[in-house]
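Trainee: Okay, sequence plus prediction incoming.
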Amino acid sequence: MKIPTYLKHKPVLEVANYDQLDGPYRTKTDAKGLSVGLAQWNEPGCTEISAKVWRNTGEKWSRQSEELPLHRVIDLATLVCAAIRYAENGNELTSTEDFPISFSTDNEELRRYLEIMKKELAANKEHLDVSLDRLVIALKKLGKC
C-alpha cells in the first residue's frame, strides 16, 4: 500500500507494503508502511525528522499511526535488545550509566510478567532474529559494529 504524502507527516524514505514484512503479523496487520520524514508536529520553519508506522483500517489511514523522534526509535530498539538478552542469558539485565534500565518494581505482578515476556520472546525468536539481522547489517554499514 502506498504511503500518503498529503497528511501532516511528510515521508522522505518509506517501506511500503510493510504488512508483508511485519514479523508474526505478516499479512494480518494494519501496519501498512514505515517512513522517515518531516515530523507532523513541526511548526513553520521547523524541520525535525521522525519515524512513523502507518496504520490503515482498510478504509482510511488510522489515527493510531505512531510517530516518534528518531532517537526514541533507536532507544526502543536498545531496550528490546536488553529484554532479549535478559530472557536468553540467565536473567542478566544489561544497563549502563547513560541508559539505565530497571525492573518495574511497582508492578505487583512483575515476576509473572517477566515469565510471560521470556516466553513470548522465545516464541517470536525467529521473527525477532530477522529484524535484528537487518539492524546489524545497517549498523555495520554505518561503521558502528
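Mentor: Good, I have the coordinates. Residues are numbered from 1 along each chain as shown.
Trainee: CA only for contacts and neighbour counts going forward, please
Mentor: Will do.
Trainee: can you give me the helices in the chain?
Mentor: In the chain, the helices defined using DSSP state H lie at 70-88, 110-123, 125-141.
Trainee: nearest to residue 58, of those?
Mentor: With C-alpha to C-alpha as the criterion, residue 58 lies closest to helix 125-141 of the helices of the chain, at 24.7 Å.
Trainee: now the helices of the chain as JSON lines including mean pLDDT and mean neighbour count?
Mentor: Formatted as JSON lines, these follow (pLDDT from 0 to 100; neighbours: other C-alpha atoms under 10 Å):
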{"stretch": "helix 70-88", "mean pLDDT": "93", "mean neighbour count": "15"}
{"stretch": "helix 110-123", "mean pLDDT": "93", "mean neighbour count": "14"}
{"stretch": "helix 125-141", "mean pLDDT": "97", "mean neighbour count": "13"}
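Trainee: any idea how this protein splits into domains?
Mentor: Per automatic domain parsing, the domain ranges recorded for the chain read 10-69, 71-141.
Trainee: Start and end of the first one, how far apart?
Mentor: Across its full length, domain 10-69 reaches 14 Å between end residues, using C-alpha to C-alpha, to the nearest Å.
Trainee: related to what we said a few turns ago, in a markdown table: the helices of the chain, plus distance to residue 23.
Mentor: Formatted as a markdown table, these follow (distance: least, C-alpha to C-alpha, whole Å):
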| stretch | distance to residue 23 |
| --- | --- |
| helix 70-88 | 15 |
| helix 110-123 | 12 |
| helix 125-141 | 5 |
